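Participant: heads up, no residue letters with this:
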């Protein structure tokens, strides 16, 4: 079997990359169904199919080869490559810093009350220029007047993290669940809450993660929420069908453990990647998302929706090796 691999990769190391039966996508708005994650490397061809339209914008030739690969019967193709259809695995030099994200499902109200005081913002379509949208400190002055509210939540950190993650679902008392996706931002510079907490001495750089941020917020919500105001970037949401949620910034649906956010200046959007690190076995993912905090040699792995995925995402921070996987050109 001919597989073009860098020396650090071996057939044994890649043996786990066989495809298995696809996990069907749900269209229900039952929170028990939209919550959860997926095992790694079990929905590879589903993820690649979603990534191909994105890849066509950056590399039409490779997109066509992936489309051809998917068109073959499942019994005759392998993500590791075959004699007839070899794979090329090109290492991206140097280590990447890896983090993870997930989509929260938040209890919400239609109207503000004494408990539910933090807005999840809709997209004010009458404001055409993104840079004319308000910064975070200005939100109290414009909320529900020039900026619509899709729901009110009780926890200010939850509302903030919904923006950072770019997707959320709101669960209302009547049982209605609305899935929200990133619509646009005000295109202001992103300032990390964790970084501001370290700079002001309320968290330690070596140990900060989502658990630490939540603990500090529980102890002193006023201070942490004041630091949130230093982040001028604001995300505005729109309601989307559950079948299209969570939605990446490129417009495609995110598949848990099979989608990553990247800096497109470093990794072309739509690329199929193999990532591996000390805390992550070799995993096939697709680069279909971007983020305000994802710059340079940084990669953000989407883990799923709901509390369990959020807890895991908040703790994942590691170095990764990244390679771009492509069906090799067949000899003519």
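Facilitator: Looks like it came in fine. Since the structure is predicted, the reported quantities are computational estimates derived from the model, not experimental observations.
Participant: Domain parsing of the protein, as residue ranges.
Facilitator: 15-102+250-327, 103-244 (automatic domain parsing).
Participant: For the stretch 101-250 of the chain, which segments count as strands?
Facilitator: For the stretch 101-250 of the chain, the strands defined by DSSP state E, counting those that start in this stretch cover 105-107, 118-121, 149-153, 167-171, 177-185, 235-240.
Participant: Tell me the helices and strands packed up against the third one.
Facilitator: In terms of contact count using 3 or more C-beta pairs under 8 Å, 6 or more residues apart in numbering; DSSP states H and E, strand 149-153 is assigned the packing partners strand 105-107, strand 118-121, strand 167-171, strand 177-185. C-betas here are computed from N, CA, C, even on glycine.
Participant: same deal with the last one?
Facilitator: Helices and strands in packing contact with strand 235-240 are listed as strand 118-121, helix 156-165, strand 177-185; criterion 3+ C-beta pairs under 8 Å, 6+ apart.
Participant: Outside of the longest one itself, list whatever touches it.
Facilitator: Meaning helix 156-165. 101-104, 106, 117-120, 153, 168, 180, 193, 210, 213-214, 217, 221, 224-225, 228, 233-235, 237, 291, 293, 310 (C-beta atoms under 8 Å, 6 or more residues apart in numbering).
Participant: Repeat the analysis, applying 6 Å as the threshold.
Facilitator: By C-beta atoms under 6 Å, 6 or more residues apart in numbering, the surrounding residues in contact with helix 156-165 are 101, 103-104, 106, 118, 153, 168, 217, 225, 228, 235.
Participant: quick one: which two of those are the most distant?
Facilitator: 103 and 225 (21.7 Å; C-beta to C-beta).
Participant: Where does pLDDT dip in the stretch 201-332 of the chain?
Facilitator: 330-332 (pLDDT under 70).
Participant: quick one, helices of the chain?
Facilitator: 31-34, 44-58, 60-71, 139-142, 156-165, 193-199, 210-219, 221-228, 307-315 (DSSP state H).
Participant: now those in a markdown table, with distance to residue 111?
Facilitator: Listed next are the helices of the chain as a markdown table, based on distance: least, C-beta to C-beta, whole Å:
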| stretch | distance to residue 111 |
| --- | --- |
| helix 31-34 | 21 |
| helix 44-58 | 37 |
| helix 60-71 | 46 |
| helix 139-142 | 16 |
| helix 156-165 | 16 |
| helix 193-199 | 27 |
| helix 210-219 | 24 |
| helix 221-228 | 21 |
| helix 307-315 | 25 |
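Participant: Many thanks, have a good one.
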